[in-house]
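Student: here is a sequence together with a model predicted from it:
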Amino acid sequence: MRKEWVYMKKILVLNGPNINFLGIREKGIYGTADYETLVGMIKEKAASLGVEAEVFQSNYEGALIDKIQQAYFDKIAGIVINPGAFTHYSYALRDALASVESMPKIEVHISNVHKREEFRHVSVTAPACDGQVVGLGLNGYLYAMEAVLSLWHGRKS
């Protein structure tokens, strides 16, 4: 007998290094809204979409990888990730994202990384994701959540 794979209607929103310092760091780039404002926006959007959102931030690469791997076992609908600086060099995070290939994943960046320093133009994590939202401020997370759910619905049918 074939075992059915039952997914939770839950989105995991992961934030890498320094995202917890929203409203404190580089306000000209990241704005004045703080991290709690972002979390509130995500929770409100999740409720409007009829899903649960788990929001997790860590300055440690391994903690983010552990969350990605746990998401697989928890069978969540998909992942929205802002890897922060890990975007540009974390092959371990890239491999973790690639290992959950059946799960929709959208990478988010608050600023337009393509208009910033040259090193920010390359993402080693984006190729392991289904898409990328950049330069739309905190609203980028909300668009990414919609994209994850759209992809999830497409994959489960």
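Tutor: Now that the structure is in, tell me what you want to look at. Residues are numbered from 1 along each chain as shown.

Student: which of the three states applies to the closest residue in space to P127 that isn't next to it in sequence?
Tutor: Distances taken as C-beta to C-beta, 6 or more residues apart in numbering place R94 nearest to P127, at 7.3 Å, with adjacent residues excluded. In short, each C-beta sits where N, CA and C put it, glycine included. Using DSSP: H, G, I helix; E, B strand; the rest coil, the structure places R94 in helix.

Student: where's R94 relative to Y35, distance?
Tutor: Distance, R94 to Y35, by C-beta to C-beta, to the nearest Å: 24 Å.

Student: who has more neighbours, these two?
Tutor: R94 (20 against 16; other C-beta atoms under 10 Å).

Student: show me what contacts the more buried one?
Tutor: Applying C-beta atoms under 8 Å, 6 or more residues apart in numbering, one finds that R94 lies in contact with 124-125, 127-128.

Student: repeat that for L138.
Tutor: Contacts of L138 (C-beta under 8 Å, 6+ apart): 22, 31, 33, 37-38, 41, 110.

Student: repeat for M8
Tutor: With C-beta under 8 Å, 6+ apart, M8 has these contacts: 52, 74-77.

Student: tell me which residue is most central in this protein.
Tutor: Taking C-alpha atoms, centre = their mean, the centroid of the chain lies closest to I81, which sits 1.6 Å from it.

Student: mind listing what's buried along whatever helix or strand that one lives in?
Tutor: In the assignment (DSSP states H and E), I81 maps to strand 76-82. Buried residues in strand 76-82, counted by 16 or more other C-beta atoms under 10 Å: 76-82.

Student: export the lowest-mean-pLDDT helix or strand in the chain to PDB, keeping only CA atoms.
Tutor: None of the helices or strands of the chain scores lower by mean pLDDT, DSSP states H and E than helix 27-30, at a mean of 85. Once non-C-alpha atoms are left out, helix 27-30 reads as follows in PDB (Å, rounded to 0.1, in the frame of the first residue of the first chain):
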ATOM      1  CA  LYS A  27      17.800  52.500   7.400                       C
ATOM      2  CA  GLY A  28      18.400  54.100   4.000                       C
ATOM      3  CA  ILE A  29      18.600  50.700   2.500                       C
ATOM      4  CA  TYR A  30      16.300  48.600   4.700                       C
END
